[in-house]
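1. need a structure here:
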Amino acid sequence: MADVVAAIDQGTTSTRCMLFDRSGTEVSRHQLEHEQILPERGWVEHNPVEIWERSVSVLQTAVNRARIAPSDIAALGITNQRETTLVWNRRTGRPYYNAIVWQDTRTDRIAARLEREGHGEVIRQKAGIPPATYFAAGKLQWILENVDGVRAAAESGEAIFGTTDCWLLWNLTGGPRGGVHITDVTNASRTMLMNLTTLDWDDELLGFFDIPRQMLPEIRPSSDPNLYGTTSDDGPLGGAVPIAGALGDQHAAMVGQVCLEAGEAKNTYGTGNFLLMNTGEELVRSRNGLLSTVCYQFGDAKPVYALEGSIAVTGSAIQWLRDQLRIIADAADSERLAAGVKDNGGVYFVPAFSGLFAPYWRSDARGVIAGLSRFNHRGHIARATLEAICYQSKDVVEAMEADSGVHLDVLKVDGGVTANSLCMQIQSDVLGVDVVRPEVSETTALGAAYAAGLATGFWSDVSELRENWHEDTRWSPTWTDEQRRTGHTRWKKAVERTLDWVDLD
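-> Numbers count the residues shown, from 1 in each chain. Predicted coordinates:
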């Protein structure tokens with residue numbers, strides 16, 4: 001009997017493979033970063049070929065480190081950066097253009113035009129999301145309109161579209177030699193093209209972006225007992241490993257955190273922050289700037305929905321301190337620097353590099369550091385960066401409580417930034433609730449593994465997944481109510497300074 005489930009976690013800055021046993025314990029992992037391509041201001045791209053090569057490498061290395069054979073792998077799941085848009089040739093496998101990353105803002109005028117022409121409310125009603133640069137449809141429209149030959153190839157059925165899960169799945173199952181063109185409901189729900197109630201591509205939405213339906217992948221459940229396919233004989237695992245699970249990264253984290261009941265919520269701290277609350281089989285429409293999205297769908301069961309607050313820049317703000325400002329040598333330095341000051345010294349940093357996402361949805365916003373005086377130094381900027389992660393999450397929590405009527409008593413957290421204990425303590429202080437990290441903090445990969453393992457019978461049901469969840473660390477609030485109110489009021493003032501910076505007309 002196979003001993004492990006494998007998961008490829010294809011993220012914004014890196015790709016990793018993790019192997020898990022039946023207890024949900026990590027057996028092996030390998031991770032590689034990939035290049036962030038920034039050809040113009042506001043543009044963010046990835047090389048699809050590099051992403052595929054990194055995926056092959058991390059998969060093979062993780063398996064080799066575990067000293068197992070591919071036959072010991074019960075199933076393979078995929079989780080991925082969402083909304084990032086790729087178009088490639090079905091016959092040759094060559095991309096027509098770099099992947100346009102979810103952070104990219106080149107489609108701001110497309111989004112603004114949709115609102116002006118009155119299509120925004122239709123998109124919100126059908127797709128559960130607003131017209132914004134964040135989502136895939138505008139990026140796909142841009143490629144069709146700006147890359148020579150793509151529209152003709154799309155109309156002939158030669159050019160096909162997918163998010164990175166779809167790209168990996170196509171290549172893993174053979175690529176030009178019979179690769180399957182499939183995505184799951186969670187990734188499809190991030191395109192502005194899928195109807196949340198029918199779980200199918202919507203012709204009216206396709207018409208808004210002038211996208212040929214034939215270039216879109218088949219939409220399947222997130223955990224599929226019928227399998228998406230098996231790894232190809234000439235692929236990195238040598239053939240016959242079932243691929244049975246796929247989830248956008250934040251949906252995978254919900255499954256990995258076993259937030260499987262209505263009202264349960266988690267916050268993932270990665271390149272951005274993504275706070276989701278399970279709303280069960282009820283599709284809740286937000287009135288406070290959140291997204292309605294598919295949380296997951298297991299087999300033939302009804303889809304489970306979620307409210308989501310998406311924040312564009314959190315962990316990547318720490319990267320910015322390292323790579324652009326060069327005031328830290330590595331991510332861990334941010335904690336050390338911030339711990340060297342007693343507070344932020346009056347400094348507030350709103351990292352609206354790609355505009356503001358939830359709950360504001362202002363693509364005209366840009367980053368601001370406010371409150372500087374001669375007294376301040378890099379320690380205060382590091383502290384303000386950690387606080388920015390936490391204040392942005394507080395804005396989302398307030399919107400989520402208003403939409404759902406559910407008061408958050410504890411926040412489950414995961415992702416790379418949760419290794420920063422000071423940041424998690426600040427998060428508890430800002431929210432006024434306990435913050436809890438599980439033993440397996442990289443729950444995106446675990447959630448993808450769970451989806452694949454449930455589909456193939458490696459885990460019999462979700463009760464086994466709940467038994468695997470164990471608390472690692474808990475942070476409790478230390479701030480007074482007055483500190484909390486004052487800090488959030490000043491944060492809101494800083495947010496106001498970011499608005500109306502870019503002219504979208």
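
2. which SS state does the residue lying farthest from the centre of the chain fall under?
-> Centroid-distance maximum for the chain: R374 at 38.1 Å, with Cα atoms, centre = their mean. Three-state assignment for R374 (DSSP: H, G, I helix; E, B strand; the rest coil): coil.

3. swap in T79?
-> Of the three states, T79 takes strand according to three-state DSSP.

4. thought it was touching L247?
-> Yes - counting by Cβ atoms under 8 Å, L247 is a contact partner of T79 at 5.3 Å. Where you see a C-beta, it was placed from the backbone N, CA and C, and this is true even at glycine.

5. what's the overlap in contacts for these two?
-> Counting by Cβ atoms under 8 Å, 6 or more residues apart in numbering, the contacts common to T79 and L247 are 447-448.

6. separation between the residue farthest from the centre of the chain and R90?
-> Distance, R374 to R90, using Cβ to Cβ, to the nearest Å: 60 Å.

7. now swap in G239 and tell me
-> Distance from G239 to R90, counting by Cβ to Cβ: 22 Å.

8. Local confidence estimate at the residue nearest to V495 when sequence neighbours are not counted?
-> Distances taken as Cβ to Cβ, 6 or more residues apart in numbering place V350 nearest to V495, at 5.5 Å, with adjacent residues excluded. We have a pLDDT of 95 for V350.

9. Let me see the contact set for V350.
-> Counting by Cβ under 8 Å, 6+ apart, V350 touches 356, 365, 367-370, 388, 491, 494-495, 497-498.

10. for it, phi and psi?
-> When read as degrees, to the nearest 10, the backbone of V350 gives phi -110, psi 100.

11. and what of the one 5 residues further on?
-> Torsion angles at G355 (phi, psi; degrees, to the nearest 10) stand at phi 80, psi -170.

12. could you measure it against W361, distance?
-> As judged by Cβ to Cβ, G355 and W361 stand 8 Å apart.

13. So between those two, which is more surrounded?
-> Between G355 and W361, G355 has the larger neighbour count (other Cβ atoms under 10 Å), namely 28 against 19.

14. Now the more buried one: closest residue in space, sequence neighbours ignored.
-> Spatial nearest neighbour of G355, excluding adjacent residues (Cβ to Cβ, 6+ apart): S363 at 3.9 Å.

15. pLDDT score assigned to the one you found?
-> In this model, S363 is scored at 82, pLDDT.

16. and it, backbone torsions?
-> Per-residue torsions, S363: phi -80, psi -10 (degrees, to the nearest 10).

17. Touching, it and W501? I think so.
-> No - the pair S363 and W501 does not pass the contact test of Cβ under 8 Å, sitting 10.2 Å apart.

18. Comparing these two, which shows the higher neighbour count?
-> Taking other Cβ under 10 Å, S363 and W501 do not tie; S363 has more neighbours (24 against 14).

19. which stretches of the chain have low pLDDT?
-> 1-2, 504-505 (pLDDT under 70).

20. report the longest helix in it, please.
-> Secondary structure of the chain read by DSSP state H shows that its longest helix is helix 378-404.

21. So what's the gap between the following helix or strand past it and the chain middle?
-> Using DSSP states H and E, the helix or strand that follows helix 378-404 in sequence is strand 410-414. Its chain's average C-alpha position is 16 Å from that of strand 410-414, according to Cα atoms, centre = their mean, to the nearest Å.

22. Also stretch 419-433?
-> How far stretch 419-433 lies from its chain's middle: 21 Å, per Cα atoms, centre = their mean.

23. Also stretch 71-81?
-> For stretch 71-81, the distance to the chain centre is 18 Å (Cα atoms, centre = their mean).

24. tell me which residues in that stretch are buried?
-> Neighbour counts over stretch 71-81 (16 or more other Cβ atoms under 10 Å) mark 72-81 as buried.

25. Repeat that for stretch 155-163.
-> 158-163.

26. Equivalent analysis for stretch 191-202, please.
-> Buried residues in stretch 191-202, counted by 16+ other Cβ under 10 Å: 191-196, 199, 201-202.

27. what does stretch 236-248 give?
-> For stretch 236-248, burial by neighbour count (16+ other Cβ under 10 Å) applies to 236-237, 241-248.

28. cool, stretch 392-407 as well?
-> If you call a residue buried by 16+ other Cβ under 10 Å, then stretch 392-407 has these buried ones: 392-400, 403-404.

29. Just put those in JSON lines and tack on distance to Q297.
-> JSON lines is the format used below for the buried residues of stretch 392-407 (distance: Cβ to Cβ, whole Å):
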{"residue": "Q392", "distance to Q297": "29"}
{"residue": "S393", "distance to Q297": "27"}
{"residue": "K394", "distance to Q297": "30"}
{"residue": "D395", "distance to Q297": "29"}
{"residue": "V396", "distance to Q297": "24"}
{"residue": "V397", "distance to Q297": "26"}
{"residue": "E398", "distance to Q297": "29"}
{"residue": "A399", "distance to Q297": "25"}
{"residue": "M400", "distance to Q297": "22"}
{"residue": "D403", "distance to Q297": "22"}
{"residue": "S404", "distance to Q297": "21"}
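
30. what's the residue lying closest to K394 once chain neighbours are set aside in contact with, if anything?
-> Leaving aside its chain neighbours, K394 sits nearest to V430 (5.1 Å; criterion: Cβ to Cβ, 6+ apart). Neighbouring residues of V430 by Cβ under 8 Å, 6+ apart: 387, 390-391, 393-394, 479, 484, 487-488.

31. hmm, back to that, can you tell me which of the contacts of V350 are in strands?
-> Residues of the contacts of V350 located in strands (DSSP state E): 368-370.

32. what's the closest of these to Q319?
-> Closest approach between the ones in strands among the contacts of V350 and Q319, by Cβ to Cβ: I369, at 16.2 Å.

33. what sits opposite that closest one in the beta ladder?
-> Here I369 sits in beta bridges with F349, going by DSSP bridges.

34. wouldn't it be in contact with V347 here?
-> Yes - contact criterion Cβ under 8 Å: I369 and V347 qualify, at 6.6 Å.
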